[in-house]
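Student: let's see this in three dimensions:
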Amino acid sequence: MPKVLQKAAREKVVFITWKDFYSVKNEEMDGHHQKIIAMVNELYDALKSGAEREVTRSLLPGLVEYTKFHFTREEQLMAECQFPNLAVHKSSHVSLFQETNRLSRQAGEVSGKELLRFLKKWFVDHICGEDKQYSPFMQRLARAGS
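Tutor: So this is what the prediction gives:
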């Protein structure tokens, strides 16, 4: 069977499945987080299929750009809802962005497993921990605006 058909016939391997538990109760931010999960799953699938180098090189620049976009928008929303820990959260974003950027610059040298570990830690620790802290503030603002 030609490689293209083999790849199409193969089911994608999923590393993280979106669950309600991950929700920050903001449709826009949940959508961003789901896109991050899709990127993590794409990398994981590539690791399992043997296409690690190609996907790592193609995924990282997009991940850096998306990270920048996501963090900027998330910080705007946190400012709008007067989230009291905005400065601390921004500092966390700076660290995450710097690490994402470092991994991107070293795309040829970074293993997919290292990138996957970083992305999982980012998702689990940052999104499920730190991002959930702003959820009540955004919900309150949304209720006040309705």
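
Student: how about the helices in this protein?
Tutor: For the chain, applying DSSP state H gives helices covering 3-9, 27-49, 52-80, 86-105, 112-121, 132-145.

Student: just give the closest residue to the residue nearest the centre of the chain, not the sequence neighbours.
Tutor: The centre of the chain sits closest to I36, judged by C-alpha atoms, centre = their mean, with a distance of 3.0 Å. Among residues not flanking I36 along the chain, F123 sits closest, at 6.4 Å (C-beta to C-beta, 6 or more residues apart in numbering). Using the backbone N, CA and C atoms, a C-beta is placed for each residue, glycine as well.

Student: F97 now?
Tutor: T67 (5.7 Å).

Student: can you check Y134 too?
Tutor: F83 (4.6 Å).

Student: residues in contact with the one you found?
Tutor: Listed by C-beta atoms under 8 Å, 6 or more residues apart in numbering, the contact set of F83 reads H89, Q133, Y134, F137, M138.

Student: the last one: neighbour count?
Tutor: Using other C-beta atoms under 10 Å, the number of residues around M138 comes to 20.
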